[in-house]
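Asks: mind folding the following:
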Amino acid sequence: MAFDAQQTGKARAVIVGALVVVVIIIAVILAFQMPGTSGTANAGDAASSATSSQAATDASEEATQDSAGDAGSSASDTHTVDDIDAQYGTTVRSLKAQYEADPSNPSALYNLANAYFDWGLAVQNHAVSDDDAAHAVEVFKRAVSYYDTYLADNPDAKSVTVDRAICVFYTGDHTAAITDLEEMLAQDDSFAPAWANLGMFYENDGRTDDAQQAYERALATAGDDDPYNVKTYAEQRLEALEASS
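Replies: Next up is the predicted model:
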């Protein structure tokens, strides 16, 4: 996962509704990306936050992600939802075929879930009507379904849990998304991307004090190496909250 002003091909880590979701950078939240230091935090910014390839072979994941990544970058340059659907539809069909050929392969399942996540973000970013927005929600729900299947066999995959929560948030069920991360952190409060995305959820729901505390916990748990670039993101959001208070 990565926090940034835009989300990378594996965008993971938050927000729907009137929010402007910016598709972006860093490594895929599950690659986190970071928004500017002012303004409202965007769901997509944290969404990419903690995406690490847990439980997949490097060779298999590299091959499938190359194809998904190509679709992601080209879709970001596309201006109509129909074009996005065509591009991601092709990618998803390929990934689904790989998964159906070997349902026991966690990498294939994980990549398929991520492809739906990115598809939902791309549609949401280019939505121009209520039908487009509803379509994005349905795509996010498909991502949630595949994440659920993955987590059934890999319940300790933290980054996947966070990605799933972000998708749930994008469907409009903010309460469920917040509850999911709160419960996760109640069991293990050491995963910085979860705190960063929870802060994003809180902030976009107007819970400023809770958001500030979550961002501070993200900073405290990020560690010196900070593989998800949580510190920069959390610091930017804390500065923005302070500036707006």
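Asks: phi and psi next, for F191.
Replies: phi -90, psi 100 (degrees, to the nearest 10).
Asks: and it, how many neighbours?
Replies: Residues lying near F191 (other Cβ atoms under 10 Å) number 23. For glycine as for every other residue, the C-beta is placed from the backbone atoms N, C-alpha and C.
Asks: excluding residues flanking it in the chain, which one is nearest it?
Replies: K158 (4.7 Å; Cβ to Cβ, 6 or more residues apart in numbering).
Asks: the helix ranked longest in the chain packs against which elements?
Replies: When the chain is parsed with DSSP state H, its longest helix is helix 130-153. Helix 130-153 is packed against helix 81-101, helix 106-126, helix 158-170, with contacts defined by 3 or more Cβ pairs under 8 Å, 6 or more residues apart in numbering; DSSP states H and E.
Asks: winner for burial among those?
Replies: helix 158-170 (a mean of 29; mean count of other Cβ atoms under 10 Å).
Asks: neighbouring contacts of the longest helix of the chain?
Replies: Identification of contacts with helix 130-153 by Cβ atoms under 8 Å, 6 or more residues apart in numbering yields 16, 81, 85, 106, 109-110, 112-114, 116-117, 119-121, 123-124, 126-127, 157, 160-161, 163-164, 167-168, 170-172.
Asks: ok, back up a step: I'd like the helices and strands packed on helix 130-153 written out as CSV, with distance to S190 added.
Replies: Formatted as CSV, the helices and strands packed on helix 130-153 follow (distance: least, Cβ to Cβ, whole Å):
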stretch, distance to S190
helix 81-101, 31
helix 106-126, 22
helix 158-170, 9
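Asks: residues near P227, how many?
Replies: For P227, the tally of surrounding residues (other Cβ under 10 Å) stands at 15.
Asks: for the chain, give me the ranges with low pLDDT.
Replies: Scanning the chain with the threshold set as pLDDT under 70 gives 1-78.
Asks: swap in 50 and give it another go.
Replies: 2-38, 44, 47-76 (pLDDT under 50).
Asks: and the nearest residue to Y88 once chain neighbours are set aside, what does it touch?
Replies: Nearest residue to Y88 in three dimensions, chain neighbours excluded: W119, at 3.9 Å (Cβ to Cβ, 6+ apart). Going by Cβ under 8 Å, 6+ apart, W119 touches A75, I84, D85, Y88, T91, V92, V139, A143.
Asks: residue contacts, the third one?
Replies: Read it as D85. W119, V123, H135.
Asks: could the contacts of W119 be laid out in TSV, adding distance to P227?
Replies: Converted to TSV, the contacts of W119 look like this (distance: Cβ to Cβ, whole Å):
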residue	distance to P227
A75	26
I84	30
D85	33
Y88	27
T91	26
V92	28
V139	28
A143	23
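Asks: list just the nearest of those to D226.
Replies: A143 (26.4 Å; Cβ to Cβ).
Asks: residues contacting the nearest residue to the closest one once chain neighbours are set aside?
Replies: With Cβ to Cβ, 6+ apart as the criterion, A143 has its nearest non-adjacent residue at 3.7 Å, and that residue is Y116. Each residue near Y116 by Cβ under 8 Å, 6+ apart is listed here: V92, V139, F140, R142, A143, Y146.
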